[in-house]
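Participant: Sharing a model that was predicted from the sequence below.
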Amino acid sequence: MPVAIDTDSAFRTLADLPLFVRERHPKPLLVGRCRDGGVDGLSTQEFADRVRDVATLSLGAVVVPVYPTLTPSQAQYILNDAGARFVFSSDRAQAEKIQQVRHQVPALGAVILMTGDAAGLGGSVLTLAEVAGRGHRRVQEDGDVARAYHERAKRVEPDALATIIYTSGTTGDPKGAMLTHANIVSNVKGSLEVLGVAHTDTALSFLPLSHAFERTVVYIYLTAGATVLFAEALETVARDLQAVRPTIMTGVPRIFEKIHARVQDEGASGSFLRRAVFNWAVSTGRRRSRRELDGRGPSLLNAVQYPLADRLVLSRIRAGVGGRMRYMVSGSAALPRAVGEFFHAVGLFILEGYGLTETAPVLTVNPPAAPRFGTVGKPLRGVELRIAADGEILARGPNIMVGYYHKPEATAEALSDGWFHTGDVGEIDADGYLRITDRKKDILITSGGKKIVPQPIENVLKASPLVSEAVLIGEKRRFPAALLVPNFSALERRVRDLGREIAPRAELVRRPDVIALYQELIDGVNHGLAHFEQIKKFAVLPEEFSIERGELTPTMKVRRRVVEERWRAVIEKMYLEN
């Protein structure tokens, strides 16, 4: 249920947040992290004390998150552009990265290592334990220090700059979006009104906090008094779900697509009877889901069948994410409609939202009581949206950035006529729900002048259990072609089911029988496309895209330019063939 959030002066800025949480939400476990299948953490009071020792935002300083996957030169660009004075490094490997380019970052005063030993890293590298220890001693020796800290936090004004977040982007150099305390606090309050996060909730967080979406989400959790627990690593999320048993979780579409694919793989394995029961149970859930979304109760037959379907299959799927999930929130990119509908059918809500780093970041979110799949929901209170003549989504409101740091021309282009130009194309239905249809500049124009919108075609391809990623090619080419990244576990299972032998991936994707499987998929997709949109050639790649190689952004969006460059030889071969 939506809730009313206190908007009085107790919470005007992020500097107010530690004291606000301490006074409103005392609890034995407020924040924590997963380790070795267990959880350790801090009480509300311990959290407030720890923040006081190493406060940044509360002192009115500006924080600049840096993705850990960036190269030393990429990190150097951000540190120099922002004029960074201090770097907080999560581990020794990240500190070493900074030390490689430290001589080229003249404003940098010190690197603070959050975990591990700083020995051998250099004279200006300190550990977080050292810094926190100094702060604690000062507080113990001089009572005025703590008082001065609180007074300084109160002096931070809502329009003060809180953070500069450099957009990873899919092309070009990163731009630093400047967000004020008021931008972020308005977004926190607006999101809470819709989502209804409560102090009784437990959240699992596994996205990097350098991601604007997850940072604001954590502020939302803290403001509501929810317990937020951090996964040990992306690779341990499945294990940590069982330890935490969260009621709320956020993620990017790729995460939910992978969970969906894994569940489908498991359901399609085993005996004929097991597969039949799985398919029947999911179909039963789908029928119930459709009627529920239409505002109708279950049919008499469905009311009889559903409890059995739930006991045999659906409840076990929910148990895979802890068994207590109220809802999950997806952001950063479009969630395939089929994925959202599948999760709803098994009793798991995925609420899709929409926004950008420049909007702090939430613009819209689907309300839990009335989700509409295929849309990204309705605007938050105070946020206005309109569709420009060319279809671009424009936004304005208290959450819109003040501009790009050191980039007046880019700022003027993005913030024109009082509206922020998102670069996305969409439409708003009669009930106020927004649907994203494309990226404004993400259009392929063939050498014959035909314009092709790639995302809808790619989404249809990715709906196949055999496909993990799909990238449509065709800019200034004679015809469109596709690069397909297999879901290798599903592919190998299909090959085994057909009575054929498994082979190493590089060999498997070249085999005629495997190519024939993907040709069937391409033929089916082409059937629903205009002639000029139809995929004439395709290539099955031997490995998944990765963040480390730059094919994916840190938020797991495909970088077309990088993908096309890395697989250029494969692409050229497709177009050379008759």
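Facilitator: Received, thanks.
Participant: going forward, measure contacts and count neighbours with C-alpha atoms only.
Facilitator: Fine.
Participant: Could you report the pLDDT at the nearest residue to G382 once chain neighbours are set aside?
Facilitator: Closest residue to G382 apart from its sequence neighbours, by C-alpha to C-alpha, 6 or more residues apart in numbering: G397 at 5.8 Å. Per-residue confidence (pLDDT) for G397: 97.
Participant: All further residue positions should be reported with the first residue as 49.
Facilitator: Yes, from this point I'll number from 49; that puts the last item at G445.
Participant: Verify the stated contact: G445 with V431.
Facilitator: Yes: at 4.6 Å, G445 counts as touching V431 under the criterion of C-alpha atoms under 8 Å.
Participant: State which strand of the protein is the longest.
Facilitator: strand 467-476 (DSSP state E).
Participant: ok, now which ones touch the spatially most central residue of the chain?
Facilitator: The centroid of the chain falls nearest to V300 when counting by C-alpha atoms, centre = their mean (3.3 Å). Residues in contact with V300 (C-alpha atoms under 8 Å, 6 or more residues apart in numbering) are 378-381, 603-604.
Participant: so, if you compare these, which one comes nearest to Q147?
Facilitator: Ranked by distance to Q147 (C-alpha to C-alpha), the contacts of V300 are led by T603 at 25.5 Å.
Participant: That closest one: what secondary structure?
Facilitator: Three-state call for T603 (DSSP: H, G, I helix; E, B strand; the rest coil): coil.
Participant: Same question for V610.
Facilitator: Of the three states, V610 takes helix under three-state DSSP.
Participant: who does the longest strand of the chain pair up with?
Facilitator: strand 440-444 (antiparallel), strand 463-464 (antiparallel), strand 482-487 (antiparallel) (DSSP bridges).
Participant: Quick check: which of those is nearest to I583?
Facilitator: Nearest of the strands paired with strand 467-476 (C-alpha to C-alpha): strand 482-487, 19.0 Å.
Participant: which of the residues in that closest one are buried?
Facilitator: Neighbour-count burial for strand 482-487, counted by 16 or more other C-alpha atoms under 10 Å, picks out 482-487.
Participant: and what of stretch 284-295?
Facilitator: Applying 16+ other C-alpha under 10 Å to stretch 284-295 flags 285, 287-295 as buried.
Participant: do stretch 275-282 as well
Facilitator: Per 16+ other C-alpha under 10 Å, stretch 275-282 contains these buried residues: 275-280.
Participant: And the contacts of that stretch?
Facilitator: 77-83, 87, 89, 247-255, 266, 269-270, 285, 288, 292.
Participant: Those residues, buried ones only, as a ChimeraX selection?
Facilitator: Selection command for ChimeraX covering only the buried members of the contacts of stretch 275-282, criterion 16+ other C-alpha under 10 Å:
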select :77,78,79,80,81,82,83,87,89,247,249,250,251,252,253,254,255,266,269,270,285,288,292
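Participant: S138 - nearest residue in space that isn't next to it in sequence?
Facilitator: Sequence neighbours aside, M162 is the residue nearest to S138 in space, at 5.1 Å (criterion: C-alpha to C-alpha, 6+ apart).
Participant: Kindly provide the distance from that neighbour to E280.
Facilitator: Going from M162 to E280 by C-alpha to C-alpha, to the nearest Å gives 15 Å.
Participant: Is it possible to get CSV of the contacts of V300 that adds neighbour count and distance to E262?
Facilitator: Shown next, in CSV, are the contacts of V300 (neighbours: other C-alpha atoms under 10 Å; distance: C-alpha to C-alpha, whole Å):
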residue, neighbour count, distance to E262
S378, 24, 11
G379, 24, 9
S380, 24, 10
A381, 19, 14
T603, 23, 10
M604, 18, 14
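Participant: and these as TSV, adding distance to L404 and pLDDT?
Facilitator: Below are the contacts of V300 laid out as TSV (distance: C-alpha to C-alpha, whole Å; pLDDT from 0 to 100):
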residue	distance to L404	pLDDT
S378	13	91
G379	9	84
S380	7	75
A381	10	74
T603	12	73
M604	14	79
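Participant: want to throw the buried residues of strand 482-487 into a markdown table with pLDDT?
Facilitator: Below are the buried residues of strand 482-487 laid out as a markdown table (pLDDT from 0 to 100):
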| residue | pLDDT |
| --- | --- |
| L482 | 96 |
| R483 | 92 |
| I484 | 88 |
| T485 | 81 |
| D486 | 75 |
| R487 | 74 |
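Participant: Just flag the most distant two among those.
Facilitator: L482 and R487 (14.2 Å).
Participant: And the strands in the stretch 449-598 of the chain?
Facilitator: When assigned using DSSP state E, counting those that start in this stretch, the strands of the stretch 449-598 of the chain occupy the ranges 451-452, 463-464, 467-476, 482-487, 492-493, 499-500, 515-521, 529-534, 585-588.
Participant: Give me the residues contacting the fourth one.
Facilitator: Surrounding strand 482-487, the residues in contact under the criterion C-alpha under 8 Å, 6+ apart are 382, 412, 422-426, 471-477, 501, 503-504.
Participant: buried subset of the residues you listed?
Facilitator: Here, 16+ other C-alpha under 10 Å leaves 382, 412, 422-426, 471-476, 501, 503 buried among the contacts of strand 482-487.
Participant: Tell me which residues touch the residue nearest to G430, please.
Facilitator: Here G445 is in contact with 430-432 (C-alpha under 8 Å, 6+ apart).
Participant: Return a PyMOL selection command for the buried portion of those.
Facilitator: Here is the PyMOL selection string for the buried members of these, based on 16+ other C-alpha under 10 Å:
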select buried, resi 431+432
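Participant: now the contacts of G445 as JSON lines including distance to S106 and secondary structure?
Facilitator: Output for the contacts of G445, formatted as JSON lines (distance: C-alpha to C-alpha, whole Å; DSSP: H, G, I helix; E, B strand; the rest coil):
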{"residue": "G430", "distance to S106": "26", "secondary structure": "coil"}
{"residue": "V431", "distance to S106": "27", "secondary structure": "coil"}
{"residue": "E432", "distance to S106": "30", "secondary structure": "strand"}
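Participant: Columns distance to A393 on top of the contacts of G445, output as TSV?
Facilitator: Formatted as TSV, the contacts of G445 follow (distance: C-alpha to C-alpha, whole Å):
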residue	distance to A393
G430	33
V431	31
E432	32
